[in-house]
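**Q** Got a predicted model here, sequence first, then my questions.
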Amino acid sequence: MRTGVAEPRPPHACPVGTLPEPSGGLIGLWQAYRQRLGRRRLLARAWLHRRDLTCVTDRTAAVRATDILCFICLRNEARRLPFFLAHNRRLGVRHFLIVDNDSTDDTAAILADAPDVSVWHSAASYKSSRFGMDWLTWLMLRHGHGHWCLTLDADEILIYPYWQTRPLPALTDWLDQQGRDCFGVLTVDMYPTGPVSQGAHDPAADPVESLGWFDAGNYLVQVQPKLGNLWIQGGARARAFFADSPRKAPTLNKTPLVRWHWRYAYVNSTHALLPPRLNRVYDTGGGELTSGVLLHSKFLPEIIARSAEEKTRGEHFADGAQYAAYYDRLVDDPVLHCAASTRYTGWRQMEALGLMSRGGWI
Amino acid sequence: MTLGIVMLCHTALHRAAQVARHWAVAGCPVVIHFDRRVPDSDRAELVAALADLPDVRFSARVACEWGTFSLVEATLIATTQLLRDFPGADHVYLTSGSCLPLRPVAELQAYLAAHPGTDFIESVTTADVGWTIGGLNKERFTLRFPFSWRKQRRLFDGYVTLQRLLGVRRRIPAGLVPHLGSQWWCLTRRTLEGILQSPDRARHDRYFRRVWIPDESYFQTLVRKVSAKVESRSLTLSKFDFQGRPHVFYDDHLHLLRRSEAFLARKIWPDADLLYATYLAPADPAAARPEPNPGKIDRLFAKAVERRTKGRPGLFMQSRFPTKARGGNRAAAPYGVFEGFADLFEDFHPWLARVAEARVHGHLFAPNRVHFAEDETIFKGGLSDSATLRDYNPRSFLTNLIWNSRGERQCFHFGPNDAQPITLFLAADPNATLMIVSGAFAIPLWRSGRPVADIRAEVARLQKIEAEFIALLQAPETKARVRLWSLADFVEDPVEPLHQIVDDLNPRASHRMTELPSMVDLTGFASFIQELRNQGMQPVLMGDFPTEIDRTQLRDGPSHSQQAK
């Protein structure tokens, strides 16, 4: 559940209907140069933070050139890992590269037993490593080049059109054929019927069984002209916790699946990347590109204890004090369900609601 | 009769081997061509796997590059070998390594036997082709293409432009009429021999060597010279997306492929285990033998193209964010916006809900909170009534509201007191219908009974806001449908505009209006307006209200509470 996010504070974001043209000429060149510097700075940070990582198990020698890799940074996720690994294996992920940020529960034991997992341990600060992104950038630089790489949190379940019948290699083959090297998704917060403490949960079971509800149509879309990435907020968390300070509401759009090149870098969690071309996961001509959804299982019962811990650790937000009220609300065992909630039935429903799209993929 | 199979393979060789075995076991000789770029080890593995089948042969290898003559060359080599090695073969079917037979081989053989001497090859004149991508169809035959489209795209495009500019043309050899069509054909021995042994063969090959994508035109053109009977369709089901890339079939397409009743399909995803297991299994002889009818499934592909190119209007999400010109300023469905009506009529809200058969919200953009219909605090889809959340991204709020309630007409009230940033969107949205009684905002202030001196500034402020909105709506860029009345004009004859509103919103309403909303009694309003003038303000949006002198006359006129006719 490493969803710590340093929210971008752009000079402006452009709402629906005002998509800006990319700057050309000298300004465009200057911006491209700045972005190049920014990207190299991120890679340099990753290089510096490589010393935070201690290799626990390295099984990457078994990785073949066409394998899809999954990168995660996690802490105390023993309750979610069994299903997470099973789900992604079923999708066709061949190898997991995991940074364990000093877990104190059974996480390490679960990971040690898995044959397709390589683990690095870090006891350093999550916040000062750009919420784990410096570590992952380093691992991706080392191991991800040329592969389709999936970067997730342990509380995110990736679904995409036809996911039950077509594994990830079908999707990535198709993206390759379309000449696309990135894939955009929306994070959808799932929540239970009553107070969040009520959702009983078996670690091997699909969390969506107890978190069966979501908000179907309150997502706020803007585009950030600097990197051309979308900035989508909203959902249940914005409705319940950020109605008075919507700008602070969590960012929900992600680009978790990218055919990686060692020169690439995630800028801000997996919400935006450099080079900015990779942020164009949306069509601007009116059509729809293929996209997916991350079912977010944040609201399992342990969120209460975890929020209390995170509030004191202060590792999850750039300006943690601003989010104290948010943590207090979480500790208060909130009810997210309301009369307007929608019960989850599957990807076809998500697509009909406009939360994902099959695009031209038949 | 015997059917010979030519297979062009470059990837997923284990699947190609499975299919080749399927053909061979059914009695069809197979000649396989490997792209020379296939590593020798992979090739050797496959050759070994098929070693027990004497009727599977391997042709000399050519390095194949998409869009070039090398594909035709590979086909020519393999076909020549097949005709030479298997004199009994009287039909040759060209397939690829990712083709899969959908019906038993015996059915295909029976079908070909029932159509003796017929060449199944899609062959369309360049003038009639509608499916080429990138605008090159006739020019495929008249320009030169020395550069690779995949690896040297800029050179390719530049050289095409240059040739167009200079007007350079190649001469099409005498006797050839350019035709295009699917690469996958089934031709008779007689036709193929006519093409392969033609005295002009060298001349044709030399010409086609510089034609763009000759695998879609070489046989398609030459067949017209030699064939006795061309049936212009391919027996292979092959679908392309809007950019001309082939669709891939997966396990979940099983039912779709069954419905197509085609003999072969391409391309099959190499890991589609279910498809390979199903279609390569021994045939069920009892099955029906319908005519191939790939048209049955065309609708699905047309829908996919539409989803990819046009999308769902009014939807803004992580993979659709159109520019303004391409639908970025459009809600999902028509909706009505009413300004001034709630001030002018006591019971406008329930009346409108009744006659327009719509969901009527209050002031959605009110400064304190969102006034949803039925006073809900959370509307469909999870829209919150928080004004802060709404004002953070008002356009998403409105497009979400309309998207979430597709299938039900939405109406809401608006006014100069509401948050105004949404007005730019409203004015430019072709789905918006704006009904405005200008100046009506003064009525509640007048009825508040406060001294004119106190509310003068407030009236002026609201008038300024409304005037700006009206000016925006009268700009030439406005796409919304706008109906605008001044308060005075509206009060003069309210029945006609109300009828117009109902016609606009609910054109299929079967019955005529039997009741009208009751209007606020405006006795004394004219003197209020005059009093504002006297205080130094200039009320303009209300229109020409009768002055003090005419007021008595007005009072003696018909009642303002209009009743049914």
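**A** On my side now, so go ahead.
**Q** Show the subsequent helix or strand relative to the helix or strand hosting residue B:109.
**A** When elements are defined using DSSP states H and E, residue B:109 is found to belong to helix B:105-114. Moving toward the C-terminus from helix B:105-114, the first helix or strand encountered (DSSP H and E) is strand B:119-120.
**Q** State which helix of the chain is the longest.
**A** Here I'm looking at chain A. helix A:25-49 (DSSP state H).
**Q** I was thinking of chain B, sorry if that wasn't clear
**A** Chain B, longest helix under DSSP H: helix B:452-473.
**Q** so what secondary structure elements neighbour it?
**A** The contact analysis (3 or more C-beta pairs under 8 Å, 6 or more residues apart in numbering or on different chains; DSSP states H and E) places helix B:452-473 against helix B:423-428, strand B:432-438, helix B:442-447, strand B:481-486, helix B:525-534. Placement of C-beta: from N, CA and C, glycine included.
**Q** Export these as TSV, with columns for mean pLDDT.
**A** Output for the helices and strands packed on helix B:452-473, formatted as TSV (pLDDT from 0 to 100):
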stretch	mean pLDDT
helix B:423-428	94
strand B:432-438	93
helix B:442-447	92
strand B:481-486	93
helix B:525-534	88
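**Q** follow-up on the earlier one: following element in sequence after the longest helix of chain A, please.
**A** strand A:54-57.
**Q** rewinding a little: quick one: contacts of the longest helix of chain B?
**A** B:339, B:415-417, B:420, B:423-424, B:427, B:434, B:436, B:438-439, B:441-442, B:445, B:448, B:478, B:480, B:482, B:484, B:528, B:531-532, B:535-537, B:539-541 (C-beta atoms under 8 Å, 6 or more residues apart in numbering or on different chains).
**Q** swap in stretch A:219-226?
**A** A:8, A:10-16, A:19-20, A:31, A:186, A:229-235, A:238, A:246, A:252, A:272, A:355, B:316-317, B:321, B:392-393, B:396-397, B:400.
**Q** Which single residue of the stretch 201-350 of chain A ends up nearest chain B?
**A** Closest residue of the stretch 201-350 of chain A to chain B, C-beta to the nearest C-beta: residue A:217 (2.5 Å).
**Q** which SS class is that residue?
**A** coil (DSSP: H, G, I helix; E, B strand; the rest coil).
**Q** Give the full set of residues in contact with the residue lying closest to it once chain neighbours are set aside.
**A** Excluding the flanking residues, the one nearest residue A:217 by C-beta to C-beta, 6 or more residues apart in numbering or on different chains is residue B:381, at 2.5 Å. Residue B:381 makes contacts with A:215-218, A:340, A:342, B:400-401, B:403-404, as judged by C-beta under 8 Å, 6+ apart.
**Q** where exactly do the helices run in the stretch 1-150 of chain B?
**A** For the stretch 1-150 of chain B, the helices defined by DSSP state H, counting those that start in this stretch cover B:13-25, B:40-49, B:70-85, B:105-114, B:139-142.
**Q** same question, the stretch 201-350 of chain A
**A** Under DSSP H, counting those that start in this stretch, the stretch 201-350 of chain A gives helices at A:235-241, A:303-313, A:324-331, A:347-352.
**Q** List the contacts of residue A:349.
**A** Contact analysis of residue A:349 by C-beta under 8 Å, 6+ apart lists residue A:342.
**Q** per-residue pLDDT, it?
**A** Residue A:349 is assigned a predicted lDDT (pLDDT) of 96.
**Q** Low-confidence regions, chain A specifically.
**A** In the predicted model of chain A, residues A:1-12, A:320 satisfy pLDDT under 70.
**Q** Counting only strands, which of the contacts of stretch A:219-226 make the cut?
**A** A:14-15, A:186, A:229-234, A:272 (DSSP state E).
**Q** For those residues, which two are the farthest from each other?
**A** Greatest spatial distance in the ones in strands among the contacts of stretch A:219-226: A:14 and A:186, 18.7 Å, computed using C-beta to C-beta.
**Q** any idea which of the helices of the stretch 201-350 of chain A is most buried?
**A** Mean neighbours per residue, mean count of other C-beta atoms under 10 Å in any protein chain shown, is largest over the helices of the stretch 201-350 of chain A for helix A:235-241, with a mean of 24.
**Q** Residue A:292: how many residues sit nearby?
**A** Counted with other C-beta atoms under 10 Å in any protein chain shown, the neighbours of residue A:292 add up to 27.
**Q** OK, contacts around the residue nearest in space to the middle of chain A?
**A** In chain A, the centroid-proximal residue (C-alpha atoms, centre = their mean) is residue A:152; its distance is 4.8 Å. By C-beta under 8 Å, 6+ apart, the residues touching residue A:152 are A:70-72, A:84, A:88, A:158, A:256, A:294.
**Q** which parts of the stretch 401-550 of chain B sit against chain A?
**A** Counting by C-beta under 8 Å from any C-beta of the partner chain, the stretch 401-550 of chain B comes close to chain A at B:403-404, B:425, B:428.
**Q** Check these and tell me the two furthest apart.
**A** For these, the maximum inter-member distance is 21.2 Å, found between B:404 and B:428 (C-beta to C-beta).
**Q** The two: who's more crowded?
**A** Taking neighbours as other C-beta under 10 Å, residue B:404 and residue B:428 compare with residue B:404 leading, 22 against 19.
**Q** what's near enough to touch that one?
**A** A:216-217, B:379-381, B:383.
**Q** what's the answer for residue A:342, then?
**A** Contacts of residue A:342 (C-beta under 8 Å, 6+ apart): A:213-216, A:349, A:353, B:381-382.
**Q** Tell me the one among those residues nearest to residue A:52.
**A** Distance to residue A:52 across these (C-beta to C-beta) is lowest for residue A:214, with 35.5 Å.
**Q** and the closest one, how many residues sit next to it?
**A** Other residues close to residue A:214 by other C-beta under 10 Å number 26.
**Q** Show me the beta-bridge partners of it.
**A** Per DSSP bridges, the residues bridged to residue A:214 are residue A:342.
**Q** contacting residues around it?
**A** Counting by C-beta under 8 Å, 6+ apart, residue A:214 has contacts A:188-191, A:235-236, A:341-342, A:344.
**Q** farthest pair in these?
**A** Going by C-beta to C-beta, the pair spanning the contacts of residue A:214 furthest: A:235 and A:344, at 13.2 Å.
**Q** What's the nearest residue in the stretch 301-450 of chain B when you look at chain A?
**A** Taking C-beta to the nearest C-beta, the stretch 301-450 of chain B has residue B:381 as its residue nearest chain A, at 2.5 Å.
**Q** One more: the stretch 51-200 of chain B?
**A** Counting by C-beta to the nearest C-beta, the stretch 51-200 of chain B gets nearest chain A through residue B:150, at 10.3 Å.
**Q** Good, wrapping up.
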